[in-house]
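1. Fold the following.
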Amino acid sequence: MKIRNLAMATAGLLYLSAAAFAQITAIEGVVKGADGAPVKDALIQIDRTDIKGHYKVKTDKKGHYIYNGLPMGTYDIACLIDGKQADQVKGVRTSPGDPQPVNFDLRQAAAAASAKQAAMQQAVASGQISKDLERGLTAEQKKQLEESMKKQEAAMKKNAALNQAFGDGKTALDNKQYDVAVDNLTKASEIDPNQLAVWSNLAEAYKGLASTKTGPDADAAMQKCLDAYAKALAVKPDDAGIHNNYALALAKAKKFPEAQAELENAAKLDPPQAGKYYYNLGALEVNGGQSDAALEAFKKAIECTPPYLDAYYQYGVLLVAQAKIVDGKITPVPGTAEAFQKYLELAPTGQWAQSAKDMLATLGSSISTGYQNPSAPKKKK
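-> As a prediction, this is how the structure comes out:
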């Protein structure tokens, strides 16, 4: 009886040992790089997902790896190169017998990842996830994609509203319907406060609106114009054109020092157009009664490359104002005639050509210092 029990117990142990041995599995494979060559020392990280278990192995010089002695189970297997995950295979179920093959071809993986990314971008653009793409997504990836699609949908609605408001505002501005332009462009600025074109056009709409008002209403509209230009510059502080337009608005508001500073900024930011900005500065200073400063600004416009042609004429006009009258004749200061001549040389049919010729004809001629009443009867000879 004892011998029989011992035999049965021994048979049971042999069965258990065989069963335990049968549960041992293996995984092996080859790692190829993006160039198709075997990758040596790639780290293969094997993580069991049904219960806790972590294993690691490196590839040999042929890019081959094998891990024996894995309990039968389900694993996620990652390939790391230089510490960064290059590829991953999830949900590998091992079984007794031959090693479970898990290869990594990084060239194919890169192509697959690129195709997947393109499919995800298409899903965001179209608002629909294809069945093929959905099958290849993890739950986390699907959640992220759905969030991106919602953001894209919201952005498209926002852009549509922005474009509508801006388009209506711009059309109204072109038609000098300033109040309508202000309403629509203000709406556009509220939808997206980071659009340079919105703020600059809103500034012009307020400037136009100010021209239709008087007194405090005109001042209030002009101040809103200046505020809009300031916000445009906050969006893009290095835009020379906005500095120039802001300066012109400041001059209209009779803020000449601030206008001069803005035009100086424009000239520094955009040297090829500096002549135009210095010319505008000279014109502002003439309007402000600052003849000496205007002379300097027109001189700078002339010195720019290329020179601003009209600056020669305006420079000459200011020099004429400094001429002296000696013995009834105009004695111009040096450089006066040269300025008009240079203008005619560069722009013989320009808008100031006839005036420049008249100025040259006048220089050095005799003038009458007496007064004669044009209504008085003419004396008979």
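
2. Apart from its neighbours in sequence, what residue is nearest residue 228?
-> Spatial nearest neighbour of residue 228, chain neighbours left out: residue 203 (3.7 Å); criterion: Cβ to Cβ, 6 or more residues apart in numbering. For glycine as for every other residue, the C-beta is placed from the backbone atoms N, C-alpha and C.

3. secondary structure class for that neighbour?
-> When the structure is split into helix, strand and coil by DSSP: H, G, I helix; E, B strand; the rest coil, residue 203 lands in helix.

4. In contact with it, which residues are there?
-> For residue 203, the contacting residues are 225, 226, 228, 229, 232, 245, 246, 249, by Cβ atoms under 8 Å, 6 or more residues apart in numbering.

5. give me that answer again for 10 Å
-> For residue 203, the contact set (Cβ atoms under 10 Å, 6 or more residues apart in numbering) comprises 185, 224-232, 242, 245-246, 249.

6. Tell me where the chain has strands.
-> Counting by DSSP state E, the segments of the chain that form strands are 24-32, 43-48, 53-58, 64-71, 74-81, 84-93, 100-101, 104-105, 324-326, 329-331.

7. okay, those in TSV with distance to residue 309 next?
-> Putting the strands of the chain into TSV (distance: least, Cβ to Cβ, whole Å) gives the following:
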stretch	distance to residue 309
strand 24-32	68
strand 43-48	71
strand 53-58	75
strand 64-71	77
strand 74-81	65
strand 84-93	62
strand 100-101	80
strand 104-105	68
strand 324-326	28
strand 329-331	25
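
8. Can you lay out the ones you listed as CSV showing mean neighbour count?
-> Formatted as CSV, the entries for the strands of the chain read as follows, by neighbours: other Cβ atoms under 10 Å:
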stretch, mean neighbour count
strand 24-32, 19
strand 43-48, 18
strand 53-58, 13
strand 64-71, 16
strand 74-81, 19
strand 84-93, 13
strand 100-101, 14
strand 104-105, 21
strand 324-326, 9
strand 329-331, 14
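
9. got CSV for those, with distance to residue 175 and mean pLDDT too?
-> Formatted as CSV, the entries for these read as follows, by distance: least, Cβ to Cβ, whole Å; pLDDT from 0 to 100:
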stretch, distance to residue 175, mean pLDDT
strand 24-32, 66, 94
strand 43-48, 67, 96
strand 53-58, 72, 94
strand 64-71, 74, 94
strand 74-81, 63, 95
strand 84-93, 59, 91
strand 100-101, 73, 94
strand 104-105, 63, 92
strand 324-326, 52, 79
strand 329-331, 49, 78
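
10. nearest to residue 363, of the ones you listed?
-> strand 329-331 (5.8 Å; Cβ to Cβ).

11. tell me what the closest one is packed against?
-> Applying 3 or more Cβ pairs under 10 Å, 6 or more residues apart in numbering; DSSP states H and E, we find strand 329-331 packed against strand 324-326.

12. Partner strands of the strand it packs on, with direction?
-> Applying DSSP bridges, strand 324-326 is found paired with strand 329-331 (antiparallel).

13. right, and the strands of the chain - which one's nearest residue 360?
-> Of all the strands of the chain, the one in closest proximity to residue 360, counting by Cβ to Cβ, is strand 329-331 (11.4 Å).
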